[in-house]
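Asker: Coordinates for the following, if possible.
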Amino acid sequence: MELDLLGTHADRAYPILAGLVVPRPIAWVTTLHENGTVNASPFSFFNVFGDDPPLVIFAPGDRDDGTPKDSARNAKRTGEFVVNLVSPDLAEVMVRTSAAHPPGVSETEHEGLATLPSSVVAPPRLAAAPAALECKVHSIQEIGSNRLILGIVHRVHVRDELIDPATLRIRQEHYHPVGRMAVPDWYCRTADLFELPRPR
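Answerer: Here you go, the predicted structure:
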């Protein structure tokens, strides 16, 4: 089947692409509202896009009324955000934080999520997350209704058991973040791994 995402099938672009380009990592983003509350929201339009400088991008959509979500507003206003990664034990509470709340309501308070201070940015990281990336906004691009927030990663926090202290490589046999699959409600576990050496 051939699908025209700029024409006939434009209204199906989101479920088609979100169902095909999987699994996607989940950025559980913490930001600070102007009233001081901590916003925590998950985004699966997210990935790492380079290492020099360390670059991540996430794409927060708009609320149903067309206004930017808190994560987008807060990141733009403060120039800072933290990407928290999601382990299987956090999947359910992560999904709950995707619920729509009035602006300024703290998902961390609503869900009883403990936080820890970040090192170089004001938004805190989630204490239970297996890893967290402290980011400063590089730029924000708007393409159609897409909003891309580009962030430079300044600090990484990772649980000790997930990293080899000698090589500083992540121990893939121990790190199993949750992945996002098709909308509306599909996710995956990433414990079924296999290794294929690349040509040298």
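
Asker: shaky segments in this structure?
Answerer: By pLDDT under 70, the chain contains no weakly predicted segment.

Asker: number of nearby residues for R147?
Answerer: 21 (other Cβ atoms under 10 Å). Quick note: C-beta positions are derived from backbone N, CA and C, even for glycine.

Asker: make that L196, sorry
Answerer: The number of residues packed near L196 is 4, by other Cβ under 10 Å.

Asker: what about the strands in this structure?
Answerer: Applying DSSP state E to the chain gives strands spanning 24-25, 27-32, 38-43, 46-51, 54-58, 80-84, 115-116, 125-126, 131-143, 146-158, 179-180, 187-188.

Asker: okay, the angle between the second one and strand 46-51?
Answerer: Yep, that's strand 27-32 we're talking about. 90 degrees (axes from the mean of the first three to the mean of the last three Cα atoms, to 10 degrees).

Asker: Also the fifth one?
Answerer: With the same axes, to 10 degrees applied, the angle from strand 54-58 to strand 46-51 works out at 160 degrees.

Asker: quick one: buried residues of stretch 103-110?
Answerer: P103, S106, E107, T108 (16 or more other Cβ atoms under 10 Å).

Asker: residues in contact with it?
Answerer: By Cβ atoms under 8 Å, 6 or more residues apart in numbering, the residues outside stretch 103-110 that reach it are 30, 33-35, 37-41, 70, 73, 97, 101, 113-115, 126.
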